[in-house]
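# For reference, the sequence and a predicted model appear below.
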Amino acid sequence: MNTPAPTDQGVTFDLESVARELRAEEPYRREGQTARTLIRTPDLRIVVVALKAGKTISEHHANVTASVHTLSGHIRLQLPDRAVEVPEGQLLVLGAGLSHDVYAEADSTFLLTLGWPASK
């Protein structure tokens, strides 16, 4: 199990290496998807996700603003009213609570960043 890195002194990641490691893991080979949380703090979560071509992450939503940055491959997100193509190098920002699913058009890795809830 991977423990998210502490951020108090600053931390960097080689995203290509992380993606390579994910694609070599048993869950990816067996199920076609895996993920690693890089950062988990009270106000931020950053996750790298690897998804094989043809695989779908079923409909879900986050209660905070999120961004999806495709590092390699090509994914498509199905939103309530439209599909959005997110090929390599593209960034999509989703408003809090927006339902979506994720489909891999090609073997893909993407960076998921989740913000924090607005103060009450």
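Thanks, I have it.

# What helices and strands are in contact with the helix-or-strand element of the chain with minimal mean pLDDT?
Taking mean pLDDT, DSSP states H and E as the measure, the helix or strand of the chain with the lowest value is strand 56-60, at a mean of 92. For strand 56-60, the packing partners by 3 or more C-beta pairs under 8 Å, 6 or more residues apart in numbering; DSSP states H and E come out as strand 100-104. Quick note: C-beta positions are derived from backbone N, CA and C, even for glycine.

# buried residues in the strand it packs on?
Of all the residues in strand 100-104, those buried under the rule 16 or more other C-beta atoms under 10 Å are His100, Val102, Tyr103, Ala104.

# Mind listing the strands it pairs with, and their directions?
Applying DSSP bridges to the sheet, strand 100-104 is found paired with strand 56-60 (antiparallel), strand 74-78 (antiparallel).

# quick revisit: name the residues of the least confident helix or strand of the chain that are buried.
Of the residues in strand 56-60, those with enough neighbours to count as buried (16+ other C-beta under 10 Å) are Ile57.

# What of stretch 63-75?
Of the residues in stretch 63-75, those scored as buried under the neighbour-count criterion (16+ other C-beta under 10 Å) are Val64, Thr65, Ala66, Val68, His69, Thr70, Leu71, Ser72, Gly73, His74, Ile75.
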